[in-house]
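**Q** give me a 3D structure for the following:
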Amino acid sequence: MVVKNEDRFIWYAISSVLPYVKKLLICDTGSSDDTLKIIRSFKDKKIFLSERTISNTTDMAKLRDEQLKNTATDWFWIVDGDEIYSRSLCQEILVIVKNDGINLEGIVVRRYDLLGDIYHYQSGSVGSYNLFGKTGHFVLRLINKRNVSALHVEGKYPHEGYYDKYGREITTHLLEKFKFTEGKLFHAMYLTRSSKGSNLSDTYHRNKWKIELGQKLTQNMNFPEVFNSEKPKFIPQVTNKRSFLYEVGAYIITPVKMFKRKLDKV
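**A** Reported below is the predicted structural model:
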């Protein structure tokens, strides 16, 4: 994990994956909210916290490459401070690693990009990613470095990537070397990620807060259990539903956005 000003969701992100990892390397790059306080509240010996100042967009790739070099296991799991996993998704990932991991280079995790609260998400047809000829909301999150020669990180934030010894990004490799999960993580990229607000003065903190109607999540969509688990009193509550003002704004803005997206496709 590489984090900065993530105090609204960092506890949930860590708690959701911690039972399933041998070691968790977290580097904070200059948080000014309660992110560090929350990370330090975990008294688990699996967590290794470091702090680093990021001075330019290439430093992030260098930092991730350093984390890679400090990873002793074949498989490693990239987790952002705004990504929360359900137990069933974590267990699905472990089954893939156990049953097929010896032949794979990576695992692509599907996701819900949340809008306004944890109960609504953006349609998969909007702002979708493209990997291996597939489009949708997903991201490469687990990599088996044993099966990628001279694996390393290159590029500038936010477009850094994992490359092989030939200088090819591994997402250009064969599709059969990767598995897509059926389950989806909950991604809070479009929600307010810091208690200090969504407009922190920070050159490299991408502010992506959005107002949009989206689609409604139902309980059978495997909500991460950590949202409703017992937690310290100082951990932000994120289960509140979006406000009436948000709903009104979303009803007004969403048709405009949909029309603009149609024009962009013409």
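**Q** quick check: Tyr251 vs Lys208, distance?
**A** For Tyr251, the distance to Lys208 equals 21 Å [C-beta to C-beta, to the nearest Å]. Yep, even glycine has a C-beta here, placed from its N, CA and C like the rest.
**Q** if you count surrounding residues, which of the two has more?
**A** Lys208 (14 against 11; other C-beta atoms under 10 Å).
**Q** part of a strand, is that one?
**A** No. Lys208: not assigned to a strand; according to DSSP: H, G, I helix; E, B strand; the rest coil it is coil.
**Q** you'd agree it is up against Thr192?
**A** No. Between Lys208 and Thr192 there is no contact under C-beta atoms under 8 Å: 10.4 Å.
**Q** and Lys22, which of the three is it?
**A** Recorded secondary structure, Lys22: coil (three-state DSSP).
**Q** ok, it - contacts?
**A** By C-beta atoms under 8 Å, 6 or more residues apart in numbering, the contact set of Lys22 is Lys46, Thr73.
**Q** any idea how far Gly249 is from it?
**A** Distance from Lys22 to Gly249, by C-beta to C-beta: 44 Å.
**Q** ditto for Glu6
**A** With C-beta to C-beta as the criterion, Glu6 and Gly249 are 25 Å apart.
**Q** likewise for Leu151?
**A** Distance of Leu151 to Gly249, given as C-beta to C-beta: 44 Å.
**Q** kindly confirm my reading that His126 is in a strand.
**A** Not His; residue 126 is Val. No. Counting by three-state DSSP, Val126 falls outside a strand, being coil.
**Q** is it true that it touches Arg261?
**A** Yes. The pair Val126 and Arg261 passes the contact test of C-beta under 8 Å, sitting 6.8 Å apart.
**Q** picking up where we left off before, okay, Glu6 and Gly249: which has more neighbours?
**A** Neighbours were counted for Glu6 and for Gly249 using other C-beta under 10 Å; Glu6 has more, 25 against 16.
**Q** and the more buried one, what does it touch?
**A** Ala13, Ser31, Asp33, Thr35, Gly81, Asp82, Arg193, Ser194 are the contacts of Glu6 under C-beta under 8 Å, 6+ apart.
**Q** do Leu25 as well
**A** Met1, Phe48, Ser50, Gln67, Asn70, Thr71.
**Q** of the residues you listed, which is the most crowded?
**A** Most surrounded of the contacts of Leu25: other C-beta under 10 Å gives Met1, at 22 neighbours.
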